[in-house]
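Chemist: Have a look at this fold, sequence not included:
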């Protein structure tokens, strides 16, 4: 049996944390390819926690839809997820073509990685915001300490 089926939503949540750790390490190491890959993997896993919660019977699909719609960070997460999984992305929450890129300082050194949407979001801040929002939700249901 697949380990993920045994762990359910908790396994998906742990995966989100592991991807965030990998992304942080790749940012420290400055490996642009890994940064982009781990950014995509993080946001795909992060958004799909909703599906795991529904499949495990922890939440309804409508509850998850309402929850995502009430958090701009999770809407951006959904846009990154879907835009990086599908060649054609027709139903964006906020941004039909979210762009992830790096900025250089005056000396030509990388100064940071950002999501460019209707405004500029530092990737790590957006990542931590998404994790925090999920933690608040899971705690409100009494699930993180269960």
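Modeler: Received, thanks. In this text the structure is predicted, and so the values were computed from the model without any measurement.

Chemist: Next one, pLDDT for the residue lying closest to residue 19 once chain neighbours are set aside please.
Modeler: The shortest distance from residue 19 to any non-neighbouring residue, by CB to CB, 6 or more residues apart in numbering, is to residue 42 (4.0 Å). For the C-beta atoms, the positions are set from N, CA and C on the backbone; glycine is no exception. For residue 42, the pLDDT comes out at 96.

Chemist: Residue 42 against residue 23, yeah?
Modeler: Yes - if you go by CB atoms under 8 Å, residue 42 and residue 23 touch, sitting 5.4 Å apart.

Chemist: Show me the common contact partners of these two, please.
Modeler: residue 127 (CB atoms under 8 Å, 6 or more residues apart in numbering).

Chemist: So for those two, which sits in the more crowded spot?
Modeler: residue 42 (28 against 24; other CB atoms under 10 Å).

Chemist: Tell me the spacing between the residue nearest to residue 19 and residue 28.
Modeler: Distance, residue 42 to residue 28, by CB to CB, to the nearest Å: 15 Å.

Chemist: any low-confidence regions in the protein?
Modeler: Residue ranges of the chain with pLDDT under 70: 1-5, 85-99, 101-102, 104, 111, 113-114, 116, 146.

Chemist: can you pull out the strands in it?
Modeler: Assigned by DSSP state E, the strands in the chain fall at 99-104, 110-116, 120-122.

Chemist: buried residues in the shortest one?
Modeler: Neighbour-count burial for strand 120-122, counted by 16 or more other CB atoms under 10 Å, picks out residue 121.

Chemist: can you tell me which residues contact the residue nearest the centre of the chain?
Modeler: Centroid-nearest residue in the chain, with CA atoms, centre = their mean: residue 43, separated by 2.6 Å. Contact partners of residue 43, counting by CB under 8 Å, 6+ apart, are 77, 80-81, 84, 127, 130.

Chemist: With residue 67 instead?
Modeler: Counting by CB under 8 Å, 6+ apart, residue 67 has contacts 50, 59, 74, 137.

Chemist: taking the residues you listed one by one, which sit in helices?
Modeler: 50, 74, 137 (DSSP state H).
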